[in-house]
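Peer 1: Next come a sequence and a model predicted from it.
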Amino acid sequence: MTDPSAKKILVIDDEEYIRDSVIGFLEDFGFEVVDAENGRIGLEVFDSRQPDLVLCDLRMPEMDGLEVLASVRRRNSNIPIIIVSGAGNIADTVEALRLGAWDYIIKPIQDMNVLYHAVNKALERADLIREKYRYEKDLETVNLQLRMSLETLEKTRDQLVQSEKMAALGELVAGVAHEINTPVGVGVTAASFLDAKTHEVKKIYEAGELKRSELENYLQTVEEVSNSILINMERAAELVSSFKQVAVDQSSENRRQFNLKEYIDEILLSLRPRYKKTEHTIEVSCEADIELYSFPGAFSQILNNLIMNSLVHGFQQIEKGTITVNISRQGKNILFVYRDNGRGMGPEEREKVFDPFYTTMRGKGGTGLGMSIVFNLITQTLKGSIECESSPGKGVVFTMTFPEHLETI
């Protein structure tokens, strides 16, 4: 029930004894009551005293109750107005309700409890409307804050994902650069040795002291060293070519035609520096004639994240881990099954494996974005699906399907 002591009521009626009786009755219930003898004065009191409810007669000099009702509604549409009139005309009742009256009481009021219940009900309804309005405004504010937080989170996520991609690309660059150093270093050493040997033979030749045996030894050395240089430079060129294509694709979002098996071989070649010093092995089984028109960069990121997830998480405290990749056609789709024989995951880890920022390596360099990136690439970029199966000590299996040709989607 409404607390009367906190409510102010304006009574507008041209009959003084009616005003006095209503005022006395309402004050007995603890309401604060102000009054006015006509509509014009009533509006002035309304503006100055800001009542919570208006009781208004219908037939009054200078300004009738309907005009008062319309004016009050223009000033504040949420203030309850109850018409109290002796007219008893159904047309007046309809017009008053149409203009926004909350209730209509016929006078003389035989039972003042009718007035009390009408006032109390109107004030309770007004309180509910105000509470609803405050709730809606608070809800709008919260929704706005949530939208802003979501936008900030999405921007931050995109920045983190981009940082993750660049970090992976940076590690790829570092690994391949280190790998290239070996054949290039051998080639430089061999070329330097050949250059020194050539100068030595040239001196002997210019002095006219070159023997047949020395020439034959020199030619044999040239053949051996040249062959060594050629092998190592071809190895370096292969690494550069593989790295160039993988790096370009990984930082690009363009589609192109490519052979899946050949491309996976290039990806594994560029990733080899990341695991070559371990005893872990990677085995790939892929049909040689699978030609995709898709996003090669997505495959590079997917395979990179899956392999690094196995190396960093799956093979913890495991010296000889095995990764197998089986790829085959399944109608118009490609079935891509990735598995390792690592430590596996419990139910809680498995349920959260694709959640952004979830990692078991918190504080040890893990961002928790790798598998989230894989999920988004499979489901959004490649328009496919991915499922994870794992149990403790049984390794992990990721089963992915996606269309062979994206232009058919």
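Peer 2: That came through, no problem.
Peer 1: looking at this, Arg130 is in a strand?
Peer 2: No - assigned with DSSP: H, G, I helix; E, B strand; the rest coil, Arg130 falls outside any strand and is helix.
Peer 1: tell me the contacts of it?
Peer 2: Shown in contact with Arg130 (C-beta atoms under 8 Å, 6 or more residues apart in numbering): Asn78. Where C-beta positions appear, they are placed from N, C-alpha and C, glycine not excepted.
Peer 1: what about Asp127, helix or strand, and which?
Peer 2: Applying DSSP states H and E as the criterion places Asp127 in helix 112-206.
Peer 1: Measure how far that helix is from the centre of its chain, please.
Peer 2: 10 Å (C-alpha atoms, centre = their mean, to the nearest Å).
Peer 1: Give the rounded mean pLDDT of it.
Peer 2: Helix 112-206 shows a mean pLDDT of 78 in the predicted model.
Peer 1: One more: stretch 209-228?
Peer 2: For stretch 209-228, mean pLDDT is 83.
Peer 1: Over to stretch 326-334?
Peer 2: pLDDT averaged over stretch 326-334 gives 90.
Peer 1: Can you get me the start-to-end distance on that stretch?
Peer 2: End-to-end distance of stretch 326-334: 10 Å, with C-alpha to C-alpha, to the nearest Å as the criterion.
Peer 1: what does that stretch contact?
Peer 2: With C-beta under 8 Å, 6+ apart, stretch 326-334 has contacts from 260-261, 264, 284-287, 290, 292, 335-337, 384, 401-405, 408.
Peer 1: Show me the shaky parts of the stretch 251-400 of the chain.
Peer 2: By pLDDT under 70, the low-scoring segments of the stretch 251-400 of the chain are 251-254, 356-369.
Peer 1: care to break the protein down by domain?
Peer 2: 4-110, 252-408 (automatic domain parsing).
Peer 1: Same list (those) but as TSV, adding mean neighbour count.
Peer 2: Converted to TSV, the domains of the chain look like this (neighbours: other C-beta atoms under 10 Å):
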stretch	mean neighbour count
domain 4-110	17
domain 252-408	17
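Peer 1: can you give me the helices for the stretch 1-150 of the chain?
Peer 2: Assigned by DSSP state H, counting those that start in this stretch, the stretch 1-150 of the chain shows helices spanning 16-28, 39-49, 65-75, 90-99, 112-206.
Peer 1: excluding its backbone neighbours, what's nearest Ala288?
Peer 2: Lys261 (5.3 Å; C-beta to C-beta, 6 or more residues apart in numbering).
Peer 1: ditto for Pro183
Peer 2: Asn232 (3.7 Å).
Peer 1: Next, count neighbours for the one you found.
Peer 2: Using other C-beta atoms under 10 Å, Asn232 is surrounded by 20 other residues.
Peer 1: so how far is Pro392 from it?
Peer 2: Going from Asn232 to Pro392 by C-beta to C-beta, to the nearest Å gives 45 Å.
Peer 1: same check, this time on Val374
Peer 2: Distance from Val374 to Pro392, by C-beta to C-beta: 21 Å.
Peer 1: residue contacts, the residue nearest to Ala288?
Peer 2: Val284, Cys286, Glu287, Ala288, Ile290, Ile327.
Peer 1: run the last query once more with 7 Å
Peer 2: Neighbour list for Lys261: Cys286, Ala288, Ile290 [criterion: C-beta atoms under 7 Å, 6 or more residues apart in numbering].
Peer 1: quick check, Pro338 in a strand?
Peer 2: I think there's a mix-up here, since residue 338 is Tyr and not Pro. Yes - looking at Tyr338 with three-state DSSP, it is inside a strand.
Peer 1: Can you name the residues bridging to it?
Peer 2: Val325, Phe398 (DSSP bridges).
Peer 1: Which secondary structure element is home to the residue nearest to Pro183?
Peer 2: Using DSSP H and E, Asn232 sits within helix 212-250.
Peer 1: strand partners of the helix or strand that comes right after that helix, parallel vs antiparallel please.
Peer 2: Scanning forward in sequence from helix 212-250 by DSSP H and E, the next helix or strand is strand 256-259. Here strand 256-259 has these sheet partners by DSSP bridges: strand 291-294 (antiparallel).
Peer 1: Just after the strand it pairs with, pick out the following helix or strand.
Peer 2: Counting by DSSP H and E, the element after strand 291-294 in chain order, helix or strand, is helix 296-309.
Peer 1: CA atoms only: put that next one into CSV for me.
Peer 2: Below are the C-alpha coordinates for helix 296-309, written out as CSV (Å, rounded to 0.1, in the frame of the first residue of the first chain):
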residue,chain,number,x,y,z
PRO,A,296,45.6,-21.3,-48.2
GLY,A,297,46.5,-18.9,-45.3
ALA,A,298,43.7,-20.4,-43.2
PHE,A,299,45.2,-23.9,-43.7
SER,A,300,48.6,-22.6,-42.7
GLN,A,301,47.2,-21.1,-39.5
ILE,A,302,45.1,-24.1,-38.7
LEU,A,303,48.0,-26.6,-39.1
ASN,A,304,50.4,-24.3,-37.3
ASN,A,305,48.2,-23.9,-34.3
LEU,A,306,47.3,-27.6,-34.1
ILE,A,307,50.9,-28.7,-34.3
MET,A,308,52.1,-26.0,-31.8
ASN,A,309,49.2,-27.1,-29.5
